[in-house]
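1. Whatever this is, show me its structure:
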Amino acid sequence: MDSINTHSTAYLLKRFVPYFGRYRGTLALDLLCALLTTACDLVLPMIVRTITDTAAGDMRDLTLRLILTAGGVYIGLRIVDMLANYYMANIGHVMGARIETDMRRDMFSHLQRLSYSYYSETKVGQLMSRITTDLFDVTEFAHHCPEEYFIAAVKIGVSFAILVSVNLPLTLIIFAIVPLMIFFSMRWNRKMRTAFKKQRNQLGEINARVEDSLQGIRVVKSFANEGVERAKFTEDNEGFLGVKREAYRYMAGFQSTTRIFDGVMYCAVVVFGALFLMRGSITIGDLMAFLLFVVMLIAAIRRVVEFTEQFQRGMTGIERFIEVMDEPVEIEDRDGASELGSVRGEIVFDGVSFRYKDADADVLHRVALSIEPGEHVALVGPSGSGKTTLCNLIPRFYDVTDGGIRIDGGDIRDYTVQSLRSRIGMVQQDVYLFSGSILDNIEYGRPGATQAEIVEAAKLAGAHDFIMSFEDGYDTYVGEKGVKLSGGQKQRISIARVFLKNPPILILDEATSALDNESERIVQESLARLTEGRTTLTIAHRLTTIRGADTILVLTEDGIAERGSHAELMAKGGLYAGLYRLYTDVDSGTEVGG
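-> Here you go, the predicted structure:
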């Protein structure tokens with residue numbers, strides 16, 4: 001995703017231009033204002049030419065009326081220029097900011113639709129850089145790109161037409177220099193764009209490094225590895241400096257090239273203009289007009305040159321934006337997908353196979369499984385046997401490679417993803433709490449729920465008492481990722497969130513494996529209430545917690561090796577019985593491992 005210059009400028013502009021659609025009127029008025037400001041610059045050389053030639057011919061013809069008329073016209077144009085420039089600087093910039101906002105909204109919306117596999121391969125710091133810093137430059141680009149090039153085109157085109165009518169040979173000499181300037185500028189431009197994209201990629205790496213280090217600050221400090229983190233950050237920071245040096249070297253070359261061509265154009269006007277003046281081919285007024293037009297042209301070209309850095313930054317931001325937007329959405333609604341209504345909770349795996357992208361072998365191979373409504377099924381087995389994968393297929397976090405999964409007789413791919421996932425609740429080992437209050441985090445299970453419903457969910461989860469022990473109660477700030485709460489407290493809040501959602505299907509992914517014994521006991525009581533009347537799949541690490549499950553499935557790399565109740569599997573004396581004895585002391589009935 002971080003390849004350099006994968007798209008042409010024309011393609012990037014083609015993808016970007018539709019964002020102007022909502023603001024066509026604003027853009028049209030902005031360009032009209034740009035035209036008005038340009039008119040002021042174009043008229044001045046003609047006024048100077050008229051006054052100069054009039055005075056050179058006969059000083060008596062240079063009347064007060066002529067001078068005041070010329071001055072009045074120019075002052076009037078300057079007032080128009082002031083008003084037009086105010087609109088461009090104000091409303092024009094707001095238009096650019098609105099386009100940036102639209103792009104950021106579209107990117108965030110697209111990121112929400114991308115699958116688990118995308119996030120397992122992409123650094124969050126890189127995404128943060130793309131959705132924030134990269135799009136900052138788009139505001140200036142969206143405003144100035146059409147404006148600056150439009151002004152430059154008008155000035156060059158009108159100047160050429162006027163100067164041709166004054167003196168064709170001198171005009172051709174001056175404008176012959178422009179293509180050479182453009183040719184050399186384009187060569188520097190390509191190098192600048194490559195350097196700016198490297199710069200953006202490296203900035204994303206710094207963001208990723210900082211995020212990783214700060215989120216793991218407790219681990220860093222526990223191992224006294226602050227020096228290690230500083231060294232890694234210094235390496236990335238110095239790399240960023242190196243990339244910026246490269247970018248500035250190309251930018252300096254670009255600007256130096258344009259400055260030498262500026263001098264050549266001035267020299268051409270002075271030398272050839274003087275020669276034509278000696279021959280009588282032009283008047284003093286014509287030469288003055290040529291000089292002023294060249295000054296104006298060089299100023300216009302300088303504006304474009306100065307904008308070129310912003311142009312390349314904007315194009316880099318657009319390219320990195322498009323790279324994210326072009327990431328395929330792997331899990332989408334089928335055409336004609338219907339809403340999943342009330343659910344009884346029957347789940348059937350019909351010859352399900354699944355293989356992760358770029359993997360050589362199936363994680364699950366032709367799994368056949370039928371779960372009755374309200375049944376509690378526990379999944380056990382060694383790491384890598386596919387327990388979590390099997391559960392992740394039900395809410396379509398991934399799509400099956402082969403076979404199908406049915407809920408109440410209907411293929412889950414025939415339902416909208418949103419309606420499917422709204423009927424499934426998950427309690428995971430790694431609890432994620434959003435920065436905010438306890439109330440906010442419980443309400444996340446059903447946005448818009450009343451305070452009374454939230455409190456009832458907390459009571460069912462066994463969380464109400466400890467919540468009320470805090471000074472701010474439900475308004476207590478949990479800190480980033482719930483850092484102010486214990487593991488057991490965070491888990492009970494996540495259970496309250498699912499109680500509030502009230503789903504007919506429940507998936508428990510090692511929900512108590514990271515808790516101490518006392519916290520586990522409290523959470524298990526909450527989970528027991530949560531699973532009542534719901535179809536439940538439990539991924540078990542501590543086997544003593546799933547003895548009451550209706551069915552226990554033992555998964556291995558070869559698929560489902562055993563199935564049955566705890567008593568049936570223990571009586572069988574097979575793989576499950578062996579696993580269970582690793583975790584418990586059968587004689588005393590107390591846990592000794594796990």
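2. Wait, a helix at residue 351?
-> No. With DSSP: H, G, I helix; E, B strand; the rest coil as the criterion, residue 351 is located in strand rather than a helix.
3. show me the contacts for it.
-> For residue 351, the contacting residues are 366, 367, 368, 402, 403, 404, by C-beta atoms under 8 Å, 6 or more residues apart in numbering. C-betas here are computed from N, CA, C, even on glycine.
4. Now the buried members of those residues.
-> Using 16 or more other C-beta atoms under 10 Å as the burial test, the contacts of residue 351 include 367, 403 as buried.
5. what's near enough to touch the residue lying closest to residue 353 once chain neighbours are set aside?
-> In this structure, residue 353 finds its nearest non-sequential neighbour in residue 402, 4.0 Å apart by C-beta to C-beta, 6 or more residues apart in numbering. By C-beta under 8 Å, 6+ apart, the contact set of residue 402 is 351, 352, 353, 354, 366.
6. what about residue 402, distance to residue 117?
-> As defined by C-beta to C-beta, to the nearest Å, residue 402 lies at a distance of 17 Å from residue 117.
7. Quick check, pLDDT for residue 502.
-> Per-residue confidence for residue 502 comes out at a pLDDT of 89.
8. any chance you could map the strands in the protein?
-> Counting by DSSP state E, one finds strands in the chain at the ranges 347-354, 364-371, 376-380, 402-407, 410-411, 424-428, 505-509, 535-539, 551-556, 559-564, 584-585, 590-591.
9. quick one: the residue nearest to residue 199 when sequence neighbours are not counted from residue 47, how far?
-> Excluding its sequence neighbours, the residue lying closest to residue 199 (C-beta to C-beta, 6+ apart) is residue 243, at 4.8 Å. Separation of residue 243 from residue 47 (C-beta to C-beta) stands at 49 Å.
10. contacting residues for the spatially most central residue of the chain?
-> Against the mean C-alpha coordinate of the chain, by C-alpha atoms, centre = their mean, the closest residue is residue 131 at 3.4 Å. Residue 131 makes contact with 104, 107, 108, 111 under the criterion C-beta under 8 Å, 6+ apart.
11. Check residue 496 too.
-> Residue 496 is in contact with 442, 445, 454, 457, 458, 460, 461, 463, counting by C-beta under 8 Å, 6+ apart.
12. switch the cut-off to 6 Å
-> 442, 457, 458, 461, 463 (C-beta atoms under 6 Å, 6 or more residues apart in numbering).
13. What of residue 123?
-> Neighbouring residues of residue 123 by C-beta under 6 Å, 6+ apart: residue 208.
14. where does it land on pLDDT?
-> At residue 123 the predicted local distance difference test score is 79.
15. tell me the pLDDT at the closest residue to residue 159 other than its chain neighbours?
-> With C-beta to C-beta, 6+ apart as the measure, residue 293 is the residue that lies nearest to residue 159, at 5.0 Å, once sequence neighbours are left out. The confidence metric pLDDT takes the value 80 at residue 293.
16. try residue 591
-> The predicted local distance difference test score for residue 591 is 41.
17. Under the pLDDT cut-off, which ranges of the stretch 1-150 of the chain? List them.
-> Along the stretch 1-150 of the chain, the model assigns pLDDT under 70 to residues 1-6, 56-61.
18. tally of neighbours for residue 39?
-> 16 (other C-beta atoms under 10 Å).
19. same check, this time on residue 361
-> Other residues lying near residue 361 total 8 when counted by other C-beta under 10 Å.
20. Now it. Nearest residue, chain neighbours left out?
-> The spatially closest residue to residue 361, leaving aside those adjacent along the chain, is residue 355, at 6.9 Å (C-beta to C-beta, 6+ apart).
21. now the one you found: how far from residue 553?
-> When distance is defined by C-beta to C-beta, residue 355 is 20 Å away from residue 553.
22. of these two, who's got more company?
-> Neighbour totals were compared for residue 355 and residue 553, and residue 553 leads with 24 against 17 (other C-beta under 10 Å).
23. Name the nearest residue to residue 343, sequence neighbours excluded.
-> Taking C-beta to C-beta, 6+ apart, and ignoring the residues beside it in sequence, residue 343 has residue 504 as its nearest neighbour in space, at 4.3 Å.
24. how much space between residue 212 and residue 485?
-> Counting by C-beta to C-beta, the gap between residue 212 and residue 485 amounts to 23 Å.
25. Comparing those two, which shows the higher neighbour count?
-> residue 485 (22 against 15).
26. Quick one: list the elements packing against the longest helix that the chain contains.
-> Criterion DSSP state H: the longest helix present in the chain is helix 226-279. Here helix 226-279 is seen to pack against helix 168-175, helix 177-215, helix 284-325 when contacts are counted using 3 or more C-beta pairs under 6 Å, 6 or more residues apart in numbering; DSSP states H and E.
27. Repeat the analysis, applying 10 Å as the threshold.
-> In terms of contacts (3 or more C-beta pairs under 10 Å, 6 or more residues apart in numbering; DSSP states H and E), helix 226-279 is packed against helix 168-175, helix 177-215, helix 217-222, helix 284-325.
28. gap between that helix and the chain center?
-> Put simply, helix 226-279 sits 31 Å off its chain's centre (C-alpha atoms, centre = their mean, to the nearest Å).
29. Then stretch 447-466?
-> 34 Å.
30. Also stretch 406-424?
-> Per C-alpha atoms, centre = their mean, the displacement of stretch 406-424 from the mean C-alpha position of its chain is 29 Å.
31. can you give me the end-to-end distance of it?
-> The straight-line separation of the ends of stretch 406-424 (C-alpha to C-alpha, to the nearest Å) is 14 Å.
32. ok, now stretch 82-94?
-> Distance between the two ends of stretch 82-94: 18 Å, counting by C-alpha to C-alpha.
33. Over to stretch 81-96?
-> When the termini of stretch 81-96 are compared using C-alpha to C-alpha, they are 21 Å apart.
34. buried stuff in it?
-> With burial defined by 16+ other C-beta under 10 Å, the residues of stretch 81-96 counted as buried are 81, 84, 85, 87, 88, 92, 93, 95, 96.
35. What is the nearest of those to residue 39?
-> Ranking the buried residues of stretch 81-96 by separation from residue 39, with C-beta to C-beta as the measure, puts residue 81 on top at 8.1 Å.
36. Just give the closest residue to that closest one, not the sequence neighbours.
-> Residue nearest to residue 81 in three dimensions, not counting chain neighbours: residue 40, with 4.4 Å by C-beta to C-beta, 6+ apart.
37. Near that neighbour, how many other residues are there?
-> Per other C-beta under 10 Å, the neighbour tally for residue 40 reads 18.
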